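Engineer: Take this sequence and fold it.
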Amino acid sequence: MLVAMSLVVGGNVSAKELKADTEKTQLTWLGKKVTGQHNGTIELKSGTLTVEENVIVSGKFVIDMTSLKNVDITDAETNGKLIGHLKSDDFFSVEKYPEATLSITEKAEFKGDQAHVKGDLTIKGVTNPVEFDVTKDGNVYTTSVTVNRAKYNVRYGSKSFFNDLGDKVIYDNFEIGVKLVTQD
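Structural biologist: Numbers count the residues shown, from 1 in each chain. You can find the predicted model right below:
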């Protein structure tokens, strides 16, 4: 019995829960439309990544949707209108859904400095599976995640929901760039 308990306890000794450094972590977004694109930042509220030897075992990340910012529009009034619209019910309904989450759902082994990660992304209370490749360099994990907003009921300007939008179409896919820095 004692040997069995030692094996069970000993089997988890190498697993390490890494806490995200929310001050150093950087999240960016890029959305495109027929007539151009916009990009900005958003903040990670909290996050943990559990790693055992060379394998991501699990992870849970909370994104602060209220922190959504645009960086390509310099006019304050125009910038404010865009962010207000993105936070409205036309897009991300930030007042009702102030957080989005990502949970890693399967183990992902690093081959060299790369791992293929599978998880569940929740936006506006809707959860869908996502997959992406992560590159590790010390305590920094980088990736780009393509998100199809139509799957999360983000409908405004989407040809998935509306016909005859012409040059007013906003593409369904947007990119989230991630530079996750974990605390030492």
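Engineer: Quick one, grab the pLDDT at the closest residue to Ser88 other than its chain neighbours.
Structural biologist: Distances taken as C-beta to C-beta, 6 or more residues apart in numbering place Val94 nearest to Ser88, at 7.9 Å, with adjacent residues excluded. Where you see a C-beta, it was placed from the backbone N, CA and C, and this is true even at glycine. pLDDT, Val94: 97.
Engineer: my guess is Val94 contacts Thr66, does it?
Structural biologist: Yes: applying C-beta atoms under 8 Å as the test, Val94 and Thr66 come out as touching, 5.7 Å apart.
Engineer: Just checking, which helix or strand succeeds the longest helix along the chain along the chain?
Structural biologist: Identified as the longest helix of the chain according to DSSP state H is helix 76-87. In the C-terminal direction, the helix or strand that comes right after helix 76-87 (DSSP states H and E) is strand 99-104.
Engineer: what about that following strand, distance to the chain center?
Structural biologist: Averaged C-alpha coordinates place strand 99-104 at 7 Å from its chain's average position (C-alpha atoms, centre = their mean, to the nearest Å).
Engineer: if we look at the sheet, which residues does Phe132 bridge to?
Structural biologist: Taking DSSP bridges as the rule, Phe132 bridges to Val117.
Engineer: Now do the same contact list for it.
Structural biologist: His116, Val117, Thr143, Ser144, Val145, Thr146 (C-beta atoms under 8 Å, 6 or more residues apart in numbering).
Engineer: Filter those down to the buried ones.
Structural biologist: Neighbour-count burial (16 or more other C-beta atoms under 10 Å) applied to those gives Val117, Thr143, Val145.
Engineer: Residue ranges in this protein under the pLDDT threshold?
Structural biologist: For the chain, the stretches with pLDDT under 70 are 1-13, 156-168.
Engineer: in it, which spans are helices?
Structural biologist: Using DSSP H, the helices of the chain run over 2-11, 76-87.
Engineer: List the buried residues for the last one?
Structural biologist: So the one you mean is helix 76-87. For helix 76-87, by 16+ other C-beta under 10 Å, it's Asn79, Leu82, Ile83, Leu86, Lys87.
Engineer: Please apply the same query to stretch 58-73.
Structural biologist: Quick answer for stretch 58-73 (16+ other C-beta under 10 Å): Ser58, Gly59, Phe61, Val62, Ile63, Asp64, Met65, Leu68, Asn70, Ile73.
Engineer: Pull the most distant pair out of the residues you listed.
Structural biologist: Spatial extent of these (C-beta to C-beta) is set by the pair Ser58 and Ile73 at 37.8 Å.
Engineer: one step back: quickly list what's touching both of Val94 and Thr66.
Structural biologist: Lys87.
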